[in-house]
Structures are given as C-alpha cells and as structure tokens.
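# Need coordinates for the below:
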Amino acid sequence: MLTWCGSLSSLATHLSGAHGITKEIAMKHDEEELKNPPESSIKPYKNSKQESLTQNVIGFVIGTVQPLNVVEDPDFIKMINGFDKRYKVPCTKTIKNRISKTFEIGKVTLKNQLVQVKHISLTLDAWSSPAHLPYLGVTAHWITSDFEPNEVLLSMEELPYPHGATEIQEHLIDLFYEWEIESKIIALVTDNGSNVKKTCNEIGIGERIPCAAHTLQLSIGKELDKIRQLVDKCKHLITFLAGDKKKQQLKEAQMYLHRQQEVLQDNNELEKEVENLIYLDVIKVNNTRWNSTLYAFQRLIILKPAIAMLKASLINNVSSNIHKESEKLEELYPTIHEWKVIKEIVELLNPFEAATRLLSSVKYPTIGFTYPCICNLRERLEIDFTSLKTSDAKYCRNAILEDLTSRWNISQELCLKGSFFDPRFKSLDFINSQEECDDIFSQLREEFMIFKQNKQIDISTTSADKDTDDLMTEMSSFWKKKNAKAAPIKDEFQHYFDLVELPVLEEYDPYLWWSTNKNQYPVLYKLAMKYLSIPATSVPSERLFSDAKNLITPLRTRLSSSVINQLMFLKRNREYIDIYGVEDV
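As a prediction, this is how the structure comes out:
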C-alpha cells in the first residue's frame, strides 16, 4: 500500500519502475477494453434480433451445403463473433431441429403451389452414396400460364432394401400420394436401368420416357468397346502424364512451343503473353461417361506437339532414370495410325456431344428436340461419315448407326407430341412414316377438342360469378385493348398446323413464342403447356447428386438419410420456398 502524498506522481513512478506500466501502455489497455469488453459485459440480443440472425445462419448452412456442426466449429464462432459479439451462435441440435421445421413448412408451401398445376412431368435417377446407400432423386417439372418453366425437387430419399422394382414402385406410389400429384403426372423420364423400367411400366401412372442422353450413352459406350485396346493405351498415357513431375514438364513444353511460334514478337510483349498463357493438362477417362473419352481424345490432339517434344527431350537425356521414363513414354505414345483413329473418332463423336448438350439443357423445352436430333445424327452417320479412312473408325460408325436405329425404331408418342408444339418441328417431317404422323395429329386434335369443351364449361361457370371487383375489371379491360390484334382464331388447331415452320435455330425459344401467341390459341396453348414441360433427359435428377456429393462426403457418412433429404429439398427449392423466414416458436 502507498502513502498519499498529495499527487499521483509517486504512483506513476512506482508503476513504471516496479511493473513496467507507463501512461502509454495504460491508455492502450483502456482502448482495448473498450474494443473488447469482457464476456460478462456483453448483452445478448433479444429474441427477435437473435431469431433474425439465426435464420441467416440456417440459410448459410443450407445454401452452401455445410455440415450441421459447423456452428460449433471454433473458427466459425470466432468469425461470427468478429461480426457481432452480441449474437449467440446456436448449437448443432438447434440447427437440426430448425432445418426439420423449415422442411415441413416448405413442403406445405410447395404442395399448395402444386395444387394449381394441372400437368406435371417427373425425372428419376438413382445414386449410391460413399456409404454405399442407394438414393432415388425425383424432380417435378411444369410450365406456368406465362410459359415460365418450373423445376422442383420432390424427394431424394434412401431406397428401401432390397432396392428391387417392387420396393421402388411402392416408394414412388407413396411419394405421389403424399404430394397429391398421382392424377397430374404425364411422363416419367428415367435411365434404362431394368428396375426403374419395370417399375414405370407397371406403376400405371404417367408414361415412361427413356432418357435421351442415357440412350445415346448406351449406343456409343458399347461401340467404343470395339477400340478398347486404343482407349486403354490412351488411358495409360494420360495416367503417365498426370503426375506432378510430368505435368510440369508438359507445361514447360507448351511454354517452349509458344515461344517458338512467337519468336518474332517483341520480347516484353512475349513475356506478358507467356505469363497469361493457360497451360493444359490431360483429361482422364471416366468409364461410365462416353463423352469423357471424347474430351480425353480432344485434349490429346491439342497436346500432341507438346507430348512429342517431351518425348524427344526425355530420349535425349543421358540420365538412366530419365531413360526409363523415355522408354515408357515411347511405348505409350500413339502410332501414326492410332493418331489417325483418334482424330476420326473425335470427328465421329462431336455431333453426339453437341446433341447431348442440346437435349440436357433446362433453359428451353427439350422434348421436341429428341427425334429431330436422333434423325439428324442418323443422317450424318449415313452421309457425312462415309469417307472415314481408318477401319476402326468405320467399324465404330457402322456399329453406332446400327445400334441407334435399333434403339429408336419404335417412336415415343410423347416425344413426337412435344415436337408438334415446337413451332420449328410441328410438321413432324423428320418421321418417315406418314401414317405415324397422321396418328399423332389425330390424337392431338382429339385431345384439343376435349380441352376446348372443358374451356367452354369453365367460361360459362366463371361468367356466372358476379363477384368480380373493380381492379380485375380494369385489368381485364387493359389486356383486351392490349391484345386486340391477337383475337382467338376460330380453328386454332388447323391454323397452327398450317403455319410455316420457324427456322431451326438453337437459340430460338418456343416458350417465348407460345407466351406471345397464347391469346390467339387460348385452348391449344394449354396443350403446349402440358407437353413442353417434359424434359428429354433425366439430367435434372442426375444433377442432384453433384450437391449430394458435397453433402455426403467420406467424413460425413453418418448423416441420416432424412436430414440429407431435408437439406437437399431446401437447397434445391429455394426459389419456391423461403428458407430464411421460418421462426422458432
């Protein structure tokens, strides 16, 4: 204890001399206290603010596919506290309960939206998780009256053992009745797996359509087996070049070749170009995807000069270890004939890759493209690829053509009806059988007459309703004036049938055409809504599993299948339900 001497100078001298505490240090400490007050002095938010911030954390976990226990990670808590010390991060159990509640409310919200939908198409696909558990993804598709395409995830649930057709069928029937859509389903788009095919054929709900992309995969993948020896050799070459050391050597070879090509350029300009140059690596082959073989071959052709240069540099190296590498590369390097085969296979498969991408899009209706694409591919195989030089490429061409013709011999009526409602293909002139075309036209005209009769009933019913308010009357008047020039046509079906087909441009949007012309075709456009909603492929359900792979990692195999389904449902359907607005009660 110090004696009071009338001033603080003695205390300051004592603190400085005995404890090393100067005035500057004391002031700095006070500032730190203000910036970082002790935990006991931090008042947590009241419920409303705490709840609002928790909703954002839940949205973050769902939207970025985070593990639920991220909220207990010290670094995550530190980051949140750095933003706002008054917010108390919830525990994993709270997050899990809130996600479950958000899921249940989201299902009700989405089910209420589907009540208004008359026709729905589904895509189905199965996937095996890292824990070797089978999941079935089901997506629903429909078109609004404004011709806006909609896609939602209904379910991504674990399949019951033993995963046979009977179990899948029971699972789907339960799902359809749970969502109350069994009477609205017009199509089930699936791959060609025997269990799923049998299920869809026996379920009696909707019509199964084989995934166009998967069917092309079967045609091409099977025939690539004919050049399996070359494919395997290229796979070994790619593996050899994919190591870190060879990657660097391949990069240096590309850099050298680029310098040689630009040898006349200004040195400063060349240095900048070399810095910005994107160096390519080899692409590995995935046995389950034929287009990965195409991509691998395409990349090998591009890298051929660099690989040849690397081979030469290894041969010229006197080191014994390097000499072994040069012998290995010499053994794996394709012969002149094999390079010709690779080049012709790439030319042969390029149209199939373009068709697959076209049919797999979700930005425009794809069902109408299916048969025009297949017919175009057959025609190209028959006409454009008759001058192939190598016997291997010729054999593949003939085998693919035969398989393609066999698989698409029996037309899918739903695909042809989809083509009719695409103004570019409505004549169905890509079909050789006039009898088959006439049958489709007859079916559609009959369905049109039923729709027309139902519309007249709807009009007479609604016209008796006297409870229309002033706002609706004003809006109706506005639209009548706006669409005065687009009066309904007396015989919609025949008028549309007689229209000159639009040019076949990939960027042309049939949705926009029908949205613009629906007032001229007040009945027919409803049929267009029905058939154009059908996807040509099951790609939408396949894409689920790219998210699922991020969610179900080898370190997270214990996550329950119900939680996985909830997280996937909320993430994929954020456009249709509010994942941020569910409050705790």
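# Tell me how many other residues crowd residue 93.
Using other C-beta atoms under 10 Å, residue 93 has 12 neighbouring residues. Any C-beta I mention is one placed from the backbone N, CA and C, and that applies to glycine too.
# Now do the contacts for it.
Residues counted as contacts of residue 93 (C-beta atoms under 8 Å, 6 or more residues apart in numbering): none.
# contact partners of the strand or helix carrying residue 565?
Element membership for residue 565, per DSSP states H and E: helix 561-572. Residues from elsewhere that reach helix 561-572 (C-beta under 8 Å, 6+ apart): 62-63, 65, 68, 96, 99-100, 102-103, 106-107, 133, 135, 152-153, 155-158, 544, 547-548, 551-552, 577, 579.
# chain center to it: distance?
In this view, helix 561-572 has its centroid 16 Å away from the chain centroid, taken as C-alpha atoms, centre = their mean, to the nearest Å.
# quick thing: my sequence starts at 72, can you match it?
Yep, numbering from 72; the last one is helix 632-643 now.
# and that helix, what's its mean pLDDT?
Averaging pLDDT along helix 632-643 yields 92.
# Check stretch 217-234 too.
Across stretch 217-234, the average pLDDT comes to 90.
# Which residue ranges make up each domain of this structure?
Taking automatic domain parsing as the reference, the chain has its domains at 82-110, 173-281+609-643, 283-480, 484-529+555-603.
# Can you select the buried ones from the contacts of helix 632-643 in ChimeraX?
Typed into ChimeraX, the line below selects the buried ones among those, using 16 or more other C-beta atoms under 10 Å:
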select :133,136,139,167,170,173,174,177,178,206,223,224,226,227,228,229,615,618,619,622,623,648,650
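# Just the contacts of helix 632-643: which are in strands?
Counting by DSSP state E, the contacts of helix 632-643 place 206, 223-224, 226-229 in strands.
# downstream neighbour of the helix or strand bottoming out on mean pLDDT in the chain in the secondary structure list?
Least confident helix or strand of the chain, by mean pLDDT, DSSP states H and E, is helix 541-553 with a mean of 44. Once the chain leaves helix 541-553, the next helix or strand it forms, by DSSP H and E, is helix 563-569.
# elements contacting that following helix?
helix 505-534, helix 595-603 (3 or more C-beta pairs under 8 Å, 6 or more residues apart in numbering; DSSP states H and E).
# Out of these, flag the one nearest residue 495.
Counting by C-beta to C-beta, residue 495 lies closest to helix 595-603 out of these; the figure is 12.3 Å.
# who are the neighbours of the closest one, in terms of helices and strands?
When contacts are defined as 3+ C-beta pairs under 8 Å, 6+ apart, helix 595-603 sits against strand 205-214, helix 484-491, helix 505-534, helix 563-569, helix 581-588.
# So which of those is nearest residue 370?
Nearest of the helices and strands packed on helix 595-603 to residue 370, taken as C-beta to C-beta: strand 205-214 at 30.8 Å.
# which residues sit against stretch 506-523?
With C-beta under 8 Å, 6+ apart as the contact definition, stretch 506-523 has outside contacts at 482, 484, 487-488, 491, 498-500, 502, 563-564, 568, 594-595, 597-598.
# Return the set of buried residues in that stretch.
508, 511-512, 515, 519, 522-523.
# Residue 158 sits in which helix or strand?
Counting by DSSP H and E, no helix or strand carries residue 158.
# Revised request: answer the last question for residue 468.
Under the criterion of DSSP H and E, residue 468 resides in helix 462-478.
# tell me what that helix is packed against?
In terms of contacts (3+ C-beta pairs under 8 Å, 6+ apart), helix 462-478 is packed against helix 283-295, helix 407-430, helix 441-454.
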